[in-house]
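K.L.:
I would like to see how this sequence folds:
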Amino acid sequence: MHKVDPIQIMLSDIFDKVFYKMAQSTTKCPDCDGDGCYEAEYPRPQNFDRDVGYLDTRRVECEWCSGTGLLEDEE
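P.N.:
Sure, this is the predicted structure:
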């Protein structure tokens, strides 16, 4: 007869909840459009090498989704 291991059942349930349920209950981040990063402007001030200051851009990790591009749905 086959023995039932309660720890294996518990771990299997946790695995299913973490990996399968999260995949179904996530949406694309509206702040970065699911990219995980966005272009942010930052000032480059005038200095000895530059006559005038200007705005430059750089890629920044999205703060809302922590760079994953996905947000968990509220249940």
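
K.L.:
In this protein, where is pLDDT below threshold?
P.N.:
By pLDDT under 70, the low-scoring segments of the chain are 1-2, 17-24, 74-75.

K.L.:
tell me the centre residue of it?
P.N.:
Closest to where the C-alpha atoms of the chain average out (CA atoms, centre = their mean) is Thr68, at 2.1 Å.

K.L.:
I'd guessed that one sits against Asp35; true?
P.N.:
No. Between Thr68 and Asp35 there is no contact under CB atoms under 8 Å: 10.2 Å. Using the backbone N, CA and C atoms, a C-beta is placed for each residue, glycine as well.

K.L.:
that older thread, identify the residue nearest the residue nearest to the centre of the chain in space, chain neighbours excluded?
P.N.:
Spatially, and ignoring its direct neighbours in sequence, Thr68 is nearest to Gly36 (5.9 Å; CB to CB, 6 or more residues apart in numbering).

K.L.:
Lys28 versus the one you found, what's the distance?
P.N.:
Relative to Lys28, Gly36 is positioned 10 Å away (CB to CB, to the nearest Å).

K.L.:
Which one's more surrounded, those two?
P.N.:
Gly36 (16 against 13; other CB atoms under 10 Å).

K.L.:
How about the contacts made by that one?
P.N.:
Cys29, Glu61, Cys62, Cys65, Gly67, Thr68, Gly69 (CB atoms under 8 Å, 6 or more residues apart in numbering).

K.L.:
and if we set it to 6 Å?
P.N.:
Going by CB atoms under 6 Å, 6 or more residues apart in numbering, Gly36 touches Cys62, Gly67, Thr68, Gly69.

K.L.:
which stretches of this protein form helices?
P.N.:
6-15, 22-24 (DSSP state H).

K.L.:
Save these as CSV, and put in distance to Asp73 too.
P.N.:
Converted to CSV, the helices of the chain look like this (distance: least, CB to CB, whole Å):
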stretch, distance to Asp73
helix 6-15, 20
helix 22-24, 9
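
K.L.:
Dump those into a markdown table; add distance to Thr57 and mean neighbour count as well.
P.N.:
Output for the helices of the chain, formatted as a markdown table (distance: least, CB to CB, whole Å; neighbours: other CB atoms under 10 Å):
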| stretch | distance to Thr57 | mean neighbour count |
| --- | --- | --- |
| helix 6-15 | 41 | 10 |
| helix 22-24 | 32 | 9 |
